[in-house]
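Undergrad: Any chance you can model this:
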Amino acid sequence: VRDAYIEYSQGKALVPVRMPLNIKKFKGVGLFMPAYSERMKSFGIKMVSVFPENRKKGIPTICGMVLLNDAETGQPLAMLEASSITALRTGAASGLATDLLARQEAKTLAIIGCGVQAITQLRAITEMRDIKKIFLYDLEHNQAIELVKRAEEWLNGPEYVISSSADQAVEKADIIVTVTTSKKAVFSGYKLNRGAHVNAVGSFTPEMQEIDEAALLKADKVVVDSREAALKESGDLIQPIRNNVFSSEKIYAELGEIASNKKPGREREEEITIFKTVGLALLDIALARFVYERILEKKLGLEIKL
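TA: So this is what the prediction gives:
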């Protein structure tokens, strides 16, 4: 994921802005996300759906496929299940952002939204920092309880606290992750402590918003995965820009620019930093290629003839 971000910010990959297909009748969206990586000699597309109402039916919110092709011949190489790829690459993106932007001595983590994506967020961030206490909040209390059970299977060192509100979780955290499908800010930016880092993960349309204007105004650095995509897709930025509270010029950097040392990450202990990701198809292709190569090595998967 680090290499993919660097490749993107250096202009060595083709990543058109995703095409959404709104299925208003069922409150869902289909997303079509193509990308080409010169470095990996691969191209492909992720076709993924996000249907929040699925939670009421006991089925995953996110599902779909990643199709991976060889860039030299155009031949299809593999079809992979998309929700796992999405969760892994999104977690890794927050892990990278945390590594580059969070304080080294950060000890407390808040996760707002405890669905499928939350577990890989937790995995990646605890790889990057020595987290001692984890605050969890979800509108559905049982989701938070279930996340604790899943997390304790492999990470039983930190203390887990289920908070009664998002603000309560945020005001005690060094690192905050928002991974929801909310259309309004999920916590008050005034609750952010000096030196805090935020990974804003969930919103990916102009109508969705997890971060309020107060958080943006308090932030010393706002970093995105893609300027083009963030300004077309992220309600976290688009809505404050429309309200003349924020401007595109205030975006400090793309994450790939920091990963390649073109720009510095955190420079002062008291800085508040925000990483806003809408998700790049290049990350899906990078991870799909990585998984595909491991499948070949281990002789796994199901081989089919087209």
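
Undergrad: What is whichever strand or helix holds residue 223 packed up against?
TA: In the assignment (DSSP states H and E), residue 223 maps to strand 221-224. Using 3 or more C-beta pairs under 8 Å, 6 or more residues apart in numbering; DSSP states H and E, the elements in contact with strand 221-224 are helix 82-101, strand 251-254, helix 255-259, strand 273-276. Glycine gets a C-beta too; all of them are placed from N, C-alpha and C.

Undergrad: average pLDDT for the helix or strand just after it?
TA: Sequence-wise, the next helix or strand downstream of strand 221-224 (DSSP H and E) is helix 227-233. Mean pLDDT, helix 227-233: 94.

Undergrad: would residue 36 count as being in a strand?
TA: Yes. The assignment for residue 36 (DSSP: H, G, I helix; E, B strand; the rest coil) places it in a strand.

Undergrad: Residue 45 is in contact with that one, correct?
TA: No. Using C-beta atoms under 8 Å, residue 36 makes no contact with residue 45, being 10.2 Å away.

Undergrad: Touching the strand holding residue 223 from outside, list them.
TA: 97, 101, 216, 230, 234, 237, 250-255, 258, 266, 271-278 (C-beta atoms under 8 Å, 6 or more residues apart in numbering).

Undergrad: chain center to it: distance?
TA: Its chain's average C-alpha position is 14 Å from that of strand 221-224, according to C-alpha atoms, centre = their mean, to the nearest Å.

Undergrad: again, but for stretch 239-258
TA: 17 Å.

Undergrad: Could you give me the buried positions within it?
TA: Across stretch 239-258, burial judged by 16 or more other C-beta atoms under 10 Å covers 239, 240, 246, 251, 252, 253, 254, 255, 256, 257, 258.

Undergrad: CSV please, covering those and showing pLDDT and distance to residue 91.
TA: Putting the buried residues of stretch 239-258 into CSV (pLDDT from 0 to 100; distance: C-beta to C-beta, whole Å) gives the following:
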residue, pLDDT, distance to residue 91
239, 95, 26
240, 96, 26
246, 95, 27
251, 97, 23
252, 98, 23
253, 98, 21
254, 98, 19
255, 98, 14
256, 97, 18
257, 98, 21
258, 98, 18
